[in-house]
Each structure stands twice: as structure tokens, then as C-alpha cells.
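Asker: Sequence first, then the predicted structure, then my questions.
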4 protein chains.
Amino acid sequence: MPKSSPPPPPRKPRADARRNRERILEVAKEVFTRSGADSSLDEIAKLAGIGPGTLYRHFPSRESLLEGVYCGEVEKLAAAERRFSDTLTPVEALRAWMLLFVDYIGAKQIIAPALNTMVGGSKVFECARDQVQGAIHRLVARAIESGDIRADLDPFDLLRALIGVANVASAPNWRDSARRLVHILIAGSRPGA
Amino acid sequence: MPKSSPPPPPRKPRADARRNRERILEVAKEVFTRSGADSSLDEIAKLAGIGPGTLYRHFPSRESLLEGVYCGEVEKLAAAERRFSDTLTPVEALRAWMLLFVDYIGAKQIIAPALNTMVGGSKVFECARDQVQGAIHRLVARAIESGDIRADLDPFDLLRALIGVANVASAPNWRDSARRLVHILIAGSRPGA
Amino acid sequence: MPKSSPPPPPRKPRADARRNRERILEVAKEVFTRSGADSSLDEIAKLAGIGPGTLYRHFPSRESLLEGVYCGEVEKLAAAERRFSDTLTPVEALRAWMLLFVDYIGAKQIIAPALNTMVGGSKVFECARDQVQGAIHRLVARAIESGDIRADLDPFDLLRALIGVANVASAPNWRDSARRLVHILIAGSRPGA
Amino acid sequence: MPKSSPPPPPRKPRADARRNRERILEVAKEVFTRSGADSSLDEIAKLAGIGPGTLYRHFPSRESLLEGVYCGEVEKLAAAERRFSDTLTPVEALRAWMLLFVDYIGAKQIIAPALNTMVGGSKVFECARDQVQGAIHRLVARAIESGDIRADLDPFDLLRALIGVANVASAPNWRDSARRLVHILIAGSRPGA
DNA sequence: CATGAATGAGCCTTCATTCAT
DNA sequence: GATGAATGAAGGCTCATTCAT
């Protein structure tokens, strides 16, 4: 088949760049999960099949890479918030989301620095922080409106407690402990309590 | 009993060794608090005015130094447990101890690895872990006996939540949040909740 | 086939890398000879005008550097074997090669670990070992065929003796001693002896 | 109980010192054999149950310790020389001593630096060097007188070859190789050869 | 004399970062 | 844009040596 029109300038490098970015994030999540937030960036680059310079171009700092990795991860938590809010009573939506948070964070072994900044004012992890903070904020607000939760409850208090569990997710029976904690927290947040 | 004999000449090298050890712990706590558990051991040695070999002689590994630093710190928590148990009702003793924990940990900025092992089975920080675990265990047991706390409450659940707060003690208003969390946790742990 | 296209521009960094490698080997041979196989790698890097990381990139272990240094050296011995085999009677070829070995090793001050592995089964210095072992093996085989050397002579026996001399090449009159030894070894290896 | 007579100055330290010296030599030989001539002196001191300062007093340098260790070892070689000279023909005494040397050195794994200085002019290992050099010197002299060995044979040549074998005593079949080498060397040293 | 705590130079190695190609 | 060689500061750690007791 003859091509009559001049070929468009190849967009390939752009595609390569995007593909590289994805691959970096993929590998970085794996390595961070396995070896902690202090993992060697060179190792990540090597596993991603790129040179250190390329990694550097995409993520000029370790923190920007951490942010890149975990920002996408928490999107699912944000989505779940909307879903639960649509289908459950306010307090049960809150409970379901907290249980999901525990499961999700624990399973993904999201690392401590990323977690801690979720309740901090740090500029890094801005995206992850905003999503998580927004979700619990809305869930709590709704539960307060419905009268199931004390009006003076600060959503961050719950978040901090959740993060505490996540930080020790490696302990043997952390998951059951975490689930019990969610119920305790909600029970302790009811108006009468 | 009066001592007639002249006091033995003070053994200086032994004194030096002890002084060095104290100085190391002092400096190490400060540096760990400022720069985290990955701080340079050489820097600690330099600040303590000793060579790296001397640091190494006293604490052959980073973990042994961490343990040395924080083991003594938690002794005061253990002591407080006994005091509170003697003077307060069970549930108030528990509450008081949890509040103290929050204050103490937050003020001292005890670092995450030391905290996390408090609920883990790790061999390091054995001393700190045992003291803290023992304290909350006894406090909860008493409160359960008195009927103020649900019989199926696992003390570790509370500990995990407390640690979560401690891990983010750098956030601006963490202290108030932490105190509120203590009340929530206790309220959620009452039999009726 | 003529190439009409212009030659590709020379890739400079590759040239730098090669130059560095050569310079490292050069310096390393000198330092190893002067200060033994335990010389400081940092010193070698410094003398080569590179950082320690660069040395590490080229030779990730001390042994790989030793191998790099001495592998090239013994190539000349292998070449001499071929030359002597073509121009001399078998036994004189063997004698000539042994004398050259003595001269060469002694002059180059090839260090003990490199020498010793020539008769060992070690994986390091594989290249040097194979070349030297192959050479003496072939020379002895030819001399046996010609009837000038006892059929049951193990070439390694000669090699070990040669190495013994090389190991003490720093002694004042080692060279004459070594040459006499070669004649003794050959005389002792004749069929009648 | 009052002491009327002045207590005699305790001679104990002198005995302790001698005992320490023996213990050091014992341990040092073991460690040098196991871990080479670069073994940690501190380790030797620790295994000997003494402080590093005490080791330092007895042997102010690594070389003096090596000398102390191996000087005693070669005494048995010197004794064997006298025995063989009394009971064997000159050439067989020489052969027997060379075979013993090979066995002894190999079994004891006397380390390279100690060996090499046996034929060097070094001041260290003076004692070991003198004993070994004296022994082979006398054995060769007798064999020359008896007409079994060429008059122009330099005993050091034989020694160098023997040392070569010893230096590779770790190779799998070094012992047989070494024994064959002894026979070759003697055969090559006969007048007719 | 023995002790062993202290010293501190120096070793090997890692790694974020730069930059020539 | 991608590459990966080079860099060099810094880290942990070892160890011969000194010296107060």
C-alpha cells in the first residue's frame, strides 16, 4: 500500500517517555515496598531498564518519586469513598472506608514517610494527602450530619489512628488488630460515648 | 558508719568509659531525634567528642545504640504505671497512662523504629518493648476486671493507635489530636459501646 | 566492499572509559608490585586520577583488578611458547620458555597470589592460569614425544618449582639462582636421570 | 592476723609473663595458619586471653610475632638434619631432609612471608632462616664431598624450589607433586646430569 | 606488668548527581 | 530525550597503637 501523504514526524520518543515513566513507577513501588524508602535510586533505574539520568529527568528527587508512586495508589481510596457514600448509611460508609484503608494500606505496604505526610502539612505527597484528607473529611461530615457521630469529632484524629496501625502492618496479626481498632474508634466517636 | 580509711583513688579510665557512654547516649538521642534513625554514626561520635572506634566499642551496631538510647527513656513510663495504678480508678489509670504516653513520646520524639518494635516481636528494643507492653497489659487487665472496659479488648490495639499518633507527632496540633484520640479510644472500649 | 557513508563520529565518553581502564591497570600493576596485593584500592584510584567509584565500576573487586592486571601480562609468555616451539628443538624450547618465565616473572614482579593460582584450580586469574598451564603443558608434551624428557613428568611440577623462584625474586641474586634451577630441573627430568 | 615478717616480693608476674608468651605463640600459630599473615593482632590477643597491650609488650611488631611463631617450628627441621646425617648416606640424607621439609612445611602451613625470608637476607625471621639455611648448606656440602652431587650446586637453589612447592601447598595434590619435585631436583643435581 | 578503653587514620563501598555523547 | 561513565563525598567499620590505671 503506497503512502501518498508525507509521514508525520514520529511521535515515538513521547511514547517512550510515557512508557518509561510508567515502568519507573511500577518498579519503584515494588522496590520501595521491598526495601523501604531509602532504596537505591540507581537500583530502581537499573530494574526499570533505564539509565540513572533518565530516572533523574522524570523524578528529580527521591520525594518526587515517592509522590509519583503513591499518588496513584490512593486514587482508589478516593473512588471508594464516593461509592460508599452512595450506597451506605453515613456511619457505615465511614466504617467501610476505614476498613478499606486498613486493608489497602497494609496490603500495599505503603511506606511510612508517605503515610505520615498524609496528616502533615508537607508539600510533598500533596496529591495523596489531599485525596485521603478530603475523603475522610467528607465521610465524617456526613456522619455528623446524620447524628451518628459526635459533632466535635476531628476527622484527622481517626486518620492518625489508622496510620498508626499501618505503620506496624508487619506485625503478625496486625490485620485483625486493625479491624478491631476501626470498630473501637467508631464506637468511641458516637454521640453518647 | 564512719569511714576511717581514705577513699580509694578514683579509677579514671573506668570513669572515662562511663562518662563516654553517657555522653554517647545523650548525643545520640539528640541526633536521632533531629535526623532520624538513619543518622550518621560517625557524626554522633564526632559530636560526642570521641572516635568512631569508641562508639563502636560501646555500641557495636546501630540497633544496639537505639536500644541503649530508648530503653532508659521508657522506664519512666513503667514507673508511672505503678503510680497511677495505686492512686486512680482502673479506667482513669489507663487514661492517665495513655495521655502520659502521648505526651512523653511526643515530647521525646522517640523515633519510629523504636516505637514500632514496641508492638512487634523483635529482639531489639527488647527492654523498651517489654516495659511498655507490660504496662498497658496490666492497666487494661485491671480496667477489665473493674468492668469499665470490654472484656475482649486487646491492649495492643490501644498501643498501636497510640503509636500512630506518636509517629506523626511533628504535625502542628498533634498534641490535642492525640489527647482527643485517647478519649475516643477509651470511650470506644467501654462495655456498652 | 567500499563504505560510502561517512564514518560515525567517535564516541568520546567511550574513549574516556577505555583510557581510564588502561590507566587503572597501569597504575595498579605499579602499586601492586611496589606494595603487594593488599595495597589500598583508594590509593590506586587516586594515583590514576579517578574517584574510588570509577575504579569500582571497572573492577568491582580486588581480585578482578588483579586478574585484569596480570591477565594481559602473561599473554607474552603464551606467545613465546608458540615462537619457541616453531624454532627450537622440543627440550630447548622448554628450557627457553622456562628461562623466559623466570626472567619475565621476576622482572615484572608478578605478585604471589597471582602466581599461586597458576597451579591452583581457582576461578580468579582464570585467564592467566589457563595460558600458563597450557603453555607448559604443550612444551612438556612435545619434549616427551621427542624422547628428551621422561614420559611420566608432570608439567605442573616444573611450574611449581618455577613459581617458587618467582616468589623470592626479591632476593639479591635470585636471577642466577633461578637460571641454574631451570637447568637442574631439566637435567633431572631427562629419561636416564 | 598480724604479719610480722615483710612479705617476699611475689615472683608471680614473671611466671605469668612466660605463660603468656607461650600462650600467645600457640594462639598466633593457629590464627596465622587459619587466616594468614594479615590476621588481626587484636583477635590473637583476645583468643590468648590477654589485652592488646600485653601482646604488644611481648611482640612489638607483627613481624616479631611471626618470627616468634615460626622460629620454634623449624627447630625440628634442624634436628632432623643431624639425625639424617648420622644415619644415611649423604645424598639420601639430603633427599630425606628435603622430603621432610616438604611434609613439614605443608602440614604446618607455614605462611609465605616466613618462608620467603628463609632465602632472603631479611633481618626478621633471622632465627628460622639461619636454621634452615644452615641445615641445607651442610647437607649439600656433605653430598658434594661424597661425589654424589655436582660440586657447583648452590644449596639455595634447592631451597628456593622447595619453597615454591610450599607456597602452593593448598593445591589438591601438592604433596605428591612436591615429592616428585624432590627427586627431580636431586637427579638434576648429580654430577653427570 | 597487665589491662583494655580510647584513638583516629584509613579501608572498602555506596550513591545521588552531573554531563558529554 | 536517553544513556551510562565519572564523580567524590560520606558512610560503616577495622585495627594497630597508646596510655591511664
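Answerer: It's in. Numbers count the residues shown, from 1 in each chain, chains lettered A, B, ... in the order given.
Asker: in what helix or strand does residue A:80 lie?
Answerer: Counting by DSSP states H and E, the secondary-structure element that holds residue A:80 is helix A:62-87.
Asker: How far does that helix sit from its chain's centre?
Answerer: Centroid separation between helix A:62-87 and its chain, computed with Cα atoms, centre = their mean, to the nearest Å, is 5 Å.
Asker: What's the first helix or strand after that helix?
Answerer: Counting by DSSP H and E, what follows helix A:62-87 is helix A:90-108.
Asker: and that following helix, does that touch chain B?
Answerer: No: if you take Cβ under 8 Å from any Cβ of the partner chain as the test, helix A:90-108 misses chain B, and the best it gets is 10.9 Å. No exception for glycine: its C-beta is placed from N, CA and C like everyone else's.
Asker: who touches that helix?
Answerer: If you take Cβ atoms under 8 Å, 6 or more residues apart in numbering or on different chains as the criterion, helix A:90-108 is touched by A:33, A:73, A:76-77, A:80-81, A:84-85, A:87-88, A:115, A:132, A:135-136, A:139-140, A:142-143, A:145-146, A:148-149, A:158, A:162, A:165-166, A:169, A:174-175, A:178-179, A:181-183, A:185-186.
Asker: Next: stretch A:147-160.
Answerer: A:89-91, A:94, A:98, A:118-119, A:132-133, A:136-137, A:139-141, A:143-144, A:185-186, A:189-191, A:193, B:164-165, B:168, B:174, B:177-178, B:180-181, B:184.
Asker: Only the buried residues of it, if you could.
Answerer: With burial defined by 16 or more other Cβ atoms under 10 Å in any protein chain shown, the residues of stretch A:147-160 counted as buried are A:148-150, A:153-160.
Asker: State the pair within these that is farthest apart.
Answerer: A:148 and A:160 (20.7 Å; Cβ to Cβ).
Asker: ok so, going back, mind checking which of the contacts of stretch A:147-160 are buried?
Answerer: Buried among the contacts of stretch A:147-160 (16+ other Cβ under 10 Å): A:90-91, A:94, A:98, A:118-119, A:132, A:136, A:139-140, A:143-144, A:185-186, A:189-190, A:193, B:164-165, B:168, B:174, B:177-178, B:180-181, B:184.
Asker: quick one, domains of chain A?
Answerer: In terms of domains, chain A is parsed into A:8-60, A:66-193 (source: automatic domain parsing).
Asker: So the shortest one, near DNA strand F or not?
Answerer: In this case it means domain A:8-60. Yes: Domain A:8-60 lies within reach of DNA strand F by Cβ under 7 Å from any atom of the strand, at A:13-14, A:16-17, A:20, A:49-54, A:56-58.
Asker: Reformat these into TSV and put secondary structure next to each item.
Answerer: Below are these laid out as TSV (DSSP: H, G, I helix; E, B strand; the rest coil):
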residue	secondary structure
A:13	helix
A:14	helix
A:16	helix
A:17	helix
A:20	helix
A:49	coil
A:50	coil
A:51	coil
A:52	helix
A:53	helix
A:54	helix
A:56	helix
A:57	helix
A:58	helix
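Asker: Restricted to buried residues, select those in PyMOL.
Answerer: This is the PyMOL syntax for the buried subset of the residues of domain A:8-60 next to DNA strand F, where burial follows 16+ other Cβ under 10 Å:
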select buried, chain A and resi 20+50+54+58
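Asker: and the residues of domain A:8-60 next to DNA strand F, which two are the farthest apart?
Answerer: Taking Cβ to Cβ, the two most distant members of the residues of domain A:8-60 next to DNA strand F are A:14 and A:52; they sit 21.6 Å apart.
Asker: Let's verify the residue of chain A at minimum distance from chain B: helix, strand, or coil?
Answerer: Nearest to chain B in chain A, going by Cβ to the nearest Cβ, is residue A:164, at a distance of 1.2 Å. Using three-state DSSP, the structure places residue A:164 in helix.
Asker: Quickly note the distance from the one residue sitting closest to the centre of chain A to residue A:135.
Answerer: When Cα atoms, centre = their mean is applied to chain A, the residue found nearest the centroid is residue A:74 (3.0 Å). Remark: distance between residue A:74 and residue A:135 (Cβ to Cβ, to the nearest Å) = 9 Å.
Asker: likewise residue A:56?
Answerer: Counting by Cβ to Cβ, the gap from residue A:56 to residue A:135 is 33 Å.
Asker: And residue A:67, what's its pLDDT?
Answerer: Reported pLDDT at residue A:67 in the predicted model: 86.
Asker: Without its sequence neighbours, what residue ends up closest to it?
Answerer: Nearest residue to residue A:67 in three dimensions, chain neighbours excluded: residue A:125, at 5.1 Å (Cβ to Cβ, 6 or more residues apart in numbering or on different chains).
Asker: So, low pLDDT: which residues of chain A?
Answerer: A:1-14, A:112-114, A:116-117, A:119-124, A:169-170 (pLDDT under 70).
Asker: Next to DNA strand F in this structure, residues from it, please.
Answerer: A:13-14, A:16-17, A:20, A:49-54, A:56-58.
Asker: ok, residue A:42 - how many residues close by?
Answerer: Residue neighbour count, defined by other Cβ atoms under 10 Å in any protein chain shown, stands at 11 for residue A:42.
Asker: That one contacts residue A:52, doesn't it?
Answerer: Yes: the pair residue A:42 / residue A:52 is scored as a contact, 5.4 Å apart, by Cβ atoms under 8 Å.
Asker: Nearest spatial neighbour of residue A:47, chain-adjacent residues omitted?
Answerer: In this structure, residue A:47 finds its nearest non-sequential neighbour in residue A:27, 4.6 Å apart by Cβ to Cβ, 6+ apart.
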